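Participant: Show me the folded form of this:
(one chain, ligands or ions: 1)
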Amino acid sequence: MAEIQMSHIVKQYGDGFPAVNDVSLDIADGEFMILVGPSGCGKSTLLRMIVGLEDISSGDMVIGGKRVNDKAPRERNLSMVFQNYALYPHLTVFENIAFPLRLAKMDDAEVRRRVNEAADVLELHEHLERKPANLSGGQRQRVAMGRAIVRQAEAFLFDEPLSNLDAKLRGQMRTEISRLQRRLGITTVYVTHDQTEAMTLGDRVCVLRKGKIQQVASPRELYDQPVNLFVAGFIGSPPMNFLPARLEGRSLSTPFGPVELDEKRAAAVAGRELLLVGIRPEYFEDASLVDEAKRPLGSVFRARVDVTEWLGDQQYAYIPYEAPEEITNQLRALSRELDAEELRTQAIVSIDSTSRIREGREAEFWLDSRKVHVFDPSTGENLT
Ligand code: ATP
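Facilitator: Here you go, the predicted structure:
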């Protein structure tokens, strides 16, 4: 079993703010867990504490049922795959994969057996005699993983392994890592700041901010039910729109007009006054393309389109809005969670590519009000 259990893990460098602040997280045997968050959120530090490259200030790190806080990296039997894969350029692929076994003075027959087995899984047989310089990025990645497989490591740990690669190769490697991880079924922890990697690779994603866990959930759940403003704004591209709103009965008064809340949402926000409405770009549609039956289920409003971007399968439209200054100021004062940048003065909407909306003209938009999120501006909590 290579379950990784973290309980109240803290990392304190000097006397400043803890880099990792009371993190409790259980990673199941065979699970692919992503650690994601903006620069400085503590994700690398957490990974380094799992692997043993960093001391743990307090809390318990349990791997495969054993507490490892005081164990050296080599006693933890984990395998870290670095950004540059750390391959030896003068050694062949075979010897690169065999390296940890040679270090352990394993006999030659067993080394051959294990390297060949790994080469089978990784489809590296025809490259075993080559040097790393003659391999593609994807093949190098597989060699690095081969080294981890022969050691029969209990878990793979990746620290931003793809961040040096160009976009196309990154896409290919992403699929490759995902395929291999599923085939091998080895517990994997993967650090990234790239939300596409986070959303496509992991079984579950742990979103960190300032050393604290914000939410641990499947990619779909993170997207559909972000627990707070931070997760809502961090996950999704283009990002969620946050509009200032005032609650009036069962309706939210927004810069685009009233948005009627369904029963569940109305109950969740009852008694509040100022709120933030979170609307993903695709919750909007060109109203002229929405069929009659669906129209009453959402809100319709007119707005001027500033800029459009056509992307083939969809298009983005930027629609400026004016929020009453009084409300914006109150919201800013209330909300420590809100970056100035997040209270934008335009919304981005994603609509069907067949839409005939034009830049500089007014258009009618339909908003699926059954999907909107409503946030408490003072705590950032998603109330819906
Ligand atoms: P990035 O994506 O930029 O690598 P990260 O989320 O991986 O960021 P960490 O590298 O884990 O973040 O750093 C978390 C915090 O701890 C940061 O504020 C960083 O400055 C601080 N930190 C990291 N290493 C040390 C160190 N050796 N000494 C002091 N502070 C450190």
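
Participant: Can you tell me how far the closest residue to Arg170 other than its chain neighbours is from Tyr223?
Facilitator: Using C-beta to C-beta, 6 or more residues apart in numbering and skipping the chain neighbours, the partner closest in space to Arg170 is Leu162 (4.7 Å). Any C-beta I mention is one placed from the backbone N, CA and C, and that applies to glycine too. With distances taken as C-beta to C-beta, to the nearest Å, Leu162 is found 21 Å from Tyr223.

Participant: now do Leu274
Facilitator: Distance from Leu274 to Tyr223, by C-beta to C-beta: 26 Å.

Participant: So what touches the one helix or strand Met61 maps to?
Facilitator: According to DSSP states H and E, Met61 maps onto strand 58-63. Outside strand 58-63, the residues within contact range by C-beta atoms under 8 Å, 6 or more residues apart in numbering are 2-10, 22-24, 49-50, 67-69, 76, 78, 154-155.

Participant: Buried only: go through those for me.
Facilitator: The neighbour count (16 or more other C-beta atoms under 10 Å) marks 2-6, 9-10, 23, 49-50, 68, 76, 78, 154-155 as buried among the contacts of strand 58-63.

Participant: For the chain, which element, helix or strand, carries the lowest mean pLDDT?
Facilitator: Ranking every helix and strand in the chain by mean pLDDT, DSSP states H and E puts helix 325-334 at the bottom, with a mean of 78.

Participant: what about the residue lying closest to Arg370 once chain neighbours are set aside, how many neighbours?
Facilitator: Once flanking residues are discounted, Arg370 sits nearest to Asp262: 5.8 Å by C-beta to C-beta, 6+ apart. Using other C-beta atoms under 10 Å, Asp262 has 15 other residues around it.

Participant: Endpoints of stretch 243-259, how far apart?
Facilitator: Using C-alpha to C-alpha, to the nearest Å, the end-to-end distance of stretch 243-259 comes to 11 Å.

Participant: List the contacts of the host helix or strand of Gly233.
Facilitator: Under the criterion of DSSP H and E, Gly233 resides in helix 229-234. Outside of helix 229-234, the residues within contact range by C-beta under 8 Å, 6+ apart are 36-38, 195, 207, 209, 214-215, 222, 226, 239-240, 242, 276, 278, 335, 337-338, 342, 373, 375, 380, 382.

Participant: restrict the residues you listed to those near the ligand?
Facilitator: Gly37 (C-beta under 6 Å from any ligand atom).

Participant: Report how many residues lie close to Lys66.
Facilitator: For Lys66, using other C-beta under 10 Å, the count is 10.

Participant: in the stretch 151-300 of the chain, which ranges drop under the pLDDT threshold?
Facilitator: Counting by pLDDT under 70, not a single residue of the stretch 151-300 of the chain qualifies.

Participant: For the closest residue to the ligand within it, give me its contacts.
Facilitator: The ligand sits closest to His193 of the stretch 151-300 of the chain, with a gap of 5.0 Å, by C-beta to the nearest ligand atom. For His193, the contact set (C-beta under 8 Å, 6+ apart) comprises Val36, Gly37, Pro38, Ser39, Lys43, Glu160.

Participant: my guess is the first one meets Arg209, correct?
Facilitator: Translated: Val36. No: taking contacts as C-beta atoms under 8 Å, Val36 lies outside contact range of Arg209: 10.0 Å.

Participant: Which one's more surrounded, those two?
Facilitator: Neighbour count, other C-beta under 10 Å: between Val36 and Arg209, Val36 has more, with 25 against 19.

Participant: Pull out the buried positions in stretch 212-228.
Facilitator: Of the residues in stretch 212-228, Ile213, Gln214, Gln215, Val216, Ala217, Pro219, Leu222, Tyr223, Pro226, Val227, Asn228 count as buried by neighbour count, 16+ other C-beta under 10 Å.

Participant: picking up where we left off before, so what secondary structure elements neighbour the helix or strand that comes right after the helix holding Gly233?
Facilitator: Using DSSP H and E, the helix or strand that follows helix 229-234 in sequence is strand 241-248. Other elements packing on strand 241-248 under the criterion 3 or more C-beta pairs under 8 Å, 6 or more residues apart in numbering; DSSP states H and E are helix 229-234, strand 251-254, strand 274-279, helix 325-334, strand 346-352.

Participant: Spell out which strands sit alongside strand 241-248 in the sheet and which way each one runs.
Facilitator: According to DSSP bridges, strand 241-248 has the following sheet partners: strand 251-254 (antiparallel), strand 274-279 (antiparallel).

Participant: before we move on, the earlier item: C-alpha coordinates for the strand holding Met61, PDB please?
Facilitator: What follows is strand 58-63, C-alpha atoms only, in PDB (Å, rounded to 0.1, in the frame of the first residue of the first chain):
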ATOM      1  CA  SER A  58       5.000  19.900  12.700                       C
ATOM      2  CA  GLY A  59       2.400  17.400  11.800                       C
ATOM      3  CA  ASP A  60       2.600  13.800  10.600                       C
ATOM      4  CA  MET A  61       3.600  12.400   7.300                       C
ATOM      5  CA  VAL A  62       2.500   8.800   6.900                       C
ATOM      6  CA  ILE A  63       3.400   6.800   3.800                       C
END
